[in-house]
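1. kindly return the folded structure for what I paste below:
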Amino acid sequence: MLLPMAVLAVASLISYERAKAELLGYQAKGGLMERAERMVVLGFGLCFEVLLVPVLWVMLALTSLTAIQRFFKVWRQASNDIPSPNNQS
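-> Down below sits the predicted model:
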């Protein structure tokens with residue numbers, strides 16, 4: 001029961017990261033498992049009951065990787081916006 005909830009939680013994290021980044025003026029699109037890819041993979045898993053649990057594990061791994069990718073993408077953008085101590089007036 002926890003596996004689908006973990007996939008749901010990480011998928012929600014991806015959406016939150018993008019919304020928060022765009023609110024702050026950064027780009028957070030991209031990654032291996034965006035919404036469309038998650039729907040296609042989940043649909044495939046639901047078509048074949050035997051494959052559902054392995055598909056959910058793959059989704060969890062790739063969705064977590066996507067969340068990490070987006071985090072570092074926004075981190076790099078935010079780090080570029082920080083003025084260096086030598087440039088302060």
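
2. spatially central residue in the chain, please.
-> Nearest to the geometric centre of the chain sits Ala67, at 2.9 Å (CA atoms, centre = their mean).

3. from Asp81, how far off is it?
-> Using CB to CB, to the nearest Å, we find Ala67 at a distance of 22 Å from Asp81. Any C-beta I mention is one placed from the backbone N, CA and C, and that applies to glycine too.

4. related to what we said a few turns ago, wouldn't the residue nearest to the centre of the chain be in contact with Ser12 here?
-> No. Between Ala67 and Ser12 there is no contact under CB atoms under 8 Å: 9.8 Å.

5. state the pLDDT value of the residue nearest to the centre of the chain.
-> According to the prediction, Ala67 has pLDDT 94.

6. check which helices and strands the longest helix along the chain sits against.
-> Using DSSP state H, we find that the single longest helix of the chain is helix 52-81. Using 3 or more CB pairs under 8 Å, 6 or more residues apart in numbering; DSSP states H and E as the contact criterion, the neighbours of helix 52-81 among helices and strands are helix 2-23, helix 35-47.

7. next, the angle helix 52-81 makes with the last one.
-> Meaning helix 35-47. Here helix 35-47 runs at an angle of 170 degrees relative to helix 52-81 (axes from the mean of the first three to the mean of the last three CA atoms, to 10 degrees).

8. pull the residues that contact helix 35-47.
-> Helix 35-47 is contacted from outside by Ala11, Ser15, Met33, Leu51, Leu52, Pro54, Val55, Leu56, Val58, Met59, Leu62, Thr63, using CB atoms under 8 Å, 6 or more residues apart in numbering.

9. repeat for stretch 57-69
-> 3, 6-7, 10-11, 13-14, 17, 30-34, 37-38, 41-42, 45.
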